[in-house]
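J.: sequence first, then the predicted structure, then my questions.
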Amino acid sequence: MRDSFLTFSPPSIGAEEIAEVVDTLGTDWITTGPKTKRFQVEFAQFVGADRALAVFSATDAMLVALAALGVQPGDEVITTSMTFCSTVHVIEHLGARPVLVDVEPDTLCIDPRAVERALTGKTKGLLPVHLYGHPCDMDPLLAMAEKRGLFVLEDAAHALPARYKGRMVGTIGTATAFSFYATKNMTTAEGGMLTGDPELIERTRIWSLHGMSRDAYNRYSEEGSWFYEIVVPGFKCNMTDLQASIGLAQLKKLPRFQERRREVVNRYHAGFAGRPEIQIPIERPSVESAWHIYALRLNLDTLTIGRDAFINELKARNIGTSVHFIPNHLHAYYRTKYGFAANDFPVAYANYLRLISLPLHPRLTDEDVDDVISAVIDVIAKHRR
C-alpha cells in the first residue's frame, strides 16, 4: 500500500505560469486587459473557433450565452441530469425551465432520442454536456436544432481538447463553454471561455460586464474614452489578466498534458482489462475524448460491497477518488420543485450508484497509476461475490 495519499486531481503549475503572473503584476493591468485579450485570441486559434470570450467560469460562459441567445421566463432548455449542477442552474437563473433527460448507457452523455421526446413548442435550445471529455453524439442534436430553429450551447467543461468526427469541440454548435477550474485539463485557477461566431461573442461580452458598452480597458487605457452606456442588465463575469496569465502558459502545455493523460488512460485500460467486476470507460471510434475523468463503473452484482464502501476502501489505501456526478434530479431543490423521482432517469440513476472517478492528471507517475490499479484489484479480491 502507498505511504502517502494520492490526490485526486491537483493542478500542474510550473515556472512558466509563475513568470507570466509576475510579469502581469509588474504592469498597470491586473484585471481584464491586454493579456485577457491575447488569451482569447490564442484560445480561439487553438480550437479553431471564430471568436472567444474569457470569463470567470464555465458557469458564467453558459449564463451569458443563454442571456445573449434570448432565453427568458417561459422558455424551456433541454439538458441532461448527469452533469454538475451549474449546467442546470444557469437555465433556472434566467427564469426558464430546465428540461432534464436521460443519458446513453455507454458514454453517459445526453441521449438524442430522449431529447427528441422532450421537445415542445416552448423549447428554446439544447444544452448537451460532453461528459468526462467524451463528445456527445452531436449530429442528431444539430439536425433537431436546425429543423426547429433552436440553439445548441455545448457544455464542454470537460472537453478540452476533444474532437467529434474530426471537428474540434468549440466549433460545432451555436456556442461552446469551457472550464479552467483548478481540476480541469488546463487551469486558470478559476476561469472559463465561450466560443462562437463574432456577433454572438460581442453580445455575450456586453452581458459579461454589467451590460456596459465599454470595458475598463476601453475606458481607462490611453486610447480609451470615459463614456459608456448600460444596454442590457448584465452580470459580472469578466476574467482578469492574472487568470489569463496562467492560461497563456497552460495553453502551450496542453498538448503535452493530453499526451500524458492518454498514457495514463491506456495504463488503466491494460490494468483493468478482463475484470468482470468493473466496467472501464469507452471512447467511440468517431471521437477523440479529452479524457478529463476516468469514470470506472462497478458491476455491483459481482461484489459484496457497494460504491460508497468501495471508495472508503480505496481511501484506506491512500487513493483519492470522486464521483461524477450526483444526477441533478436527485438534489433537493430540483427534486422538490419539479417532483422528480430517482427512477425518472433510470440510466443516469443506475449508473450513478456504481460510479467511481479515479485519479487522472499529468502529474501521475507510472508508479502512481500502478498503485491505483493495485488498490482497485485488491478491493475487488477482498469483496468479490
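T.: That came through, no problem.

J.: center of the chain - which residue?
T.: Nearest to the mean C-alpha position of the chain, by Cα atoms, centre = their mean, lies Ala157 at 1.7 Å.

J.: spit out the contact partners of the closest residue to that one other than its chain neighbours.
T.: Among residues not flanking Ala157 along the chain, Ser179 sits closest, at 3.7 Å (Cβ to Cβ, 6 or more residues apart in numbering). C-beta coordinates here come from the backbone N, C-alpha and C atoms, glycine included. Residues in contact with Ser179, defined by Cβ atoms under 8 Å, 6 or more residues apart in numbering, are Ser57, Ala58, Ala156, Ala157, His158, Leu160, Gly191, Gly192.

J.: could you measure from Ser179 over to Thr79?
T.: According to Cβ to Cβ, to the nearest Å, Ser179 stands 16 Å off from Thr79.

J.: run through the neighbouring helices and strands of the host helix or strand of Ser374.
T.: For Ser374, the element it lies in under DSSP states H and E is helix 366-383. When contacts are defined as 3 or more Cβ pairs under 8 Å, 6 or more residues apart in numbering; DSSP states H and E, helix 366-383 packs onto helix 241-272, helix 307-316.

J.: got the buried residues for it?
T.: By neighbour count on 16 or more other Cβ atoms under 10 Å, the buried set for helix 366-383 is Asp368, Val369, Asp371, Val372, Ile373, Ala375, Val376, Val379, Ile380, His383.

J.: from the structure, what's the count of residues near the nearest residue to Ala67 once chain neighbours are set aside?
T.: For Ala67, the nearest residue in space outside its immediate sequence neighbours is Trp207; the separation is 4.8 Å by Cβ to Cβ, 6+ apart. By other Cβ atoms under 10 Å, 23 other residues sit near Trp207.

J.: next, Trp207: phi, psi?
T.: With angles defined as degrees, to the nearest 10, Trp207 sits at phi -60, psi -30.

J.: wait, isn't it in contact with Phe235?
T.: Yes: between Trp207 and Phe235 there is a contact under Cβ atoms under 8 Å: 6.3 Å.

J.: what's the overlap in contacts for these two?
T.: By Cβ under 8 Å, 6+ apart, the residues touching both Trp207 and Phe235 are Val64, Ala67.

J.: can I assume Leu153 is in contact with Leu194?
T.: No: the pair Leu153 and Leu194 does not pass the contact test of Cβ under 8 Å, sitting 9.0 Å apart.

J.: what touches both of the two?
T.: Residues touching both Leu153 and Leu194 (Cβ under 8 Å, 6+ apart): Ala65, Ala175, Thr176, Ala177.

J.: by mean pLDDT, point me to the weakest helix or strand of this structure.
T.: Every helix and strand of the chain was ranked by mean pLDDT, DSSP states H and E. The lowest is helix 216-220, at a mean of 56.

J.: could you list the low-confidence segments of the protein?
T.: 215-225 (pLDDT under 70).

J.: if you set the cut-off to 80 instead, what comes out?
T.: For the chain, the stretches with pLDDT under 80 are 214-226.

J.: got the domain boundaries for it?
T.: Domain ranges of the chain: 15-251, 254-383, per automatic domain parsing.

J.: for Ala15, see how far away Met62 is.
T.: Going from Met62 to Ala15 by Cβ to Cβ gives 33 Å.

J.: same thing with Val55?
T.: Distance, Val55 to Ala15, by Cβ to Cβ: 27 Å.

J.: which of those two has more neighbours?
T.: Val55 (34 against 8).

J.: counting neighbours, what do you get for the closest residue to that one other than its chain neighbours?
T.: Nearest non-adjacent residue to Val55, counting by Cβ to Cβ, 6+ apart: Cys237, 4.4 Å away. Per other Cβ under 10 Å, the neighbour tally for Cys237 reads 23.

J.: ok, Cys237 to Asp50 distance?
T.: Counting by Cβ to Cβ, the separation of Cys237 from Asp50 is 20 Å.

J.: list the contacts for Ala175?
T.: Contacts of Ala175 by Cβ under 8 Å, 6+ apart are Ala65, Leu69, Phe151, Leu153, Glu154, Leu194, Thr195, Gly196, Leu200, Thr204.

J.: so what sits opposite it in the bridge?
T.: Beta-bridge pairing of Ala175 under DSSP bridges involves Leu153, Gly196.

J.: what about Ile282? Give its phi and psi, please.
T.: phi -110, psi 170.

J.: helix, strand, or coil at the nearest residue to it once chain neighbours are set aside?
T.: Counting by Cβ to Cβ, 6+ apart, Asp106 is the residue found nearest to Ile282 once chain neighbours are left out, at 5.5 Å. Following DSSP: H, G, I helix; E, B strand; the rest coil, Asp106 is assigned to coil.

J.: against Gly166, how distant is Asp106?
T.: From Asp106 across to Gly166, the span is 20 Å (Cβ to Cβ).

J.: for the two, indicate the residue with more neighbours.
T.: Legend: neighbour count by other Cβ under 10 Å for Asp106 and Gly166, higher for Asp106 (11 against 8).

J.: so that one sits against Pro281, correct?
T.: No: counting by Cβ under 8 Å, Asp106 does not reach Pro281; the two are 9.1 Å apart.

J.: what's the helix or strand for the residue nearest to Pro281 when sequence neighbours are not counted?
T.: Spatial nearest neighbour of Pro281, excluding adjacent residues (Cβ to Cβ, 6+ apart): Ala295 at 5.3 Å. Remark: Ala295 resides in strand 294-298, with elements defined by DSSP H and E.
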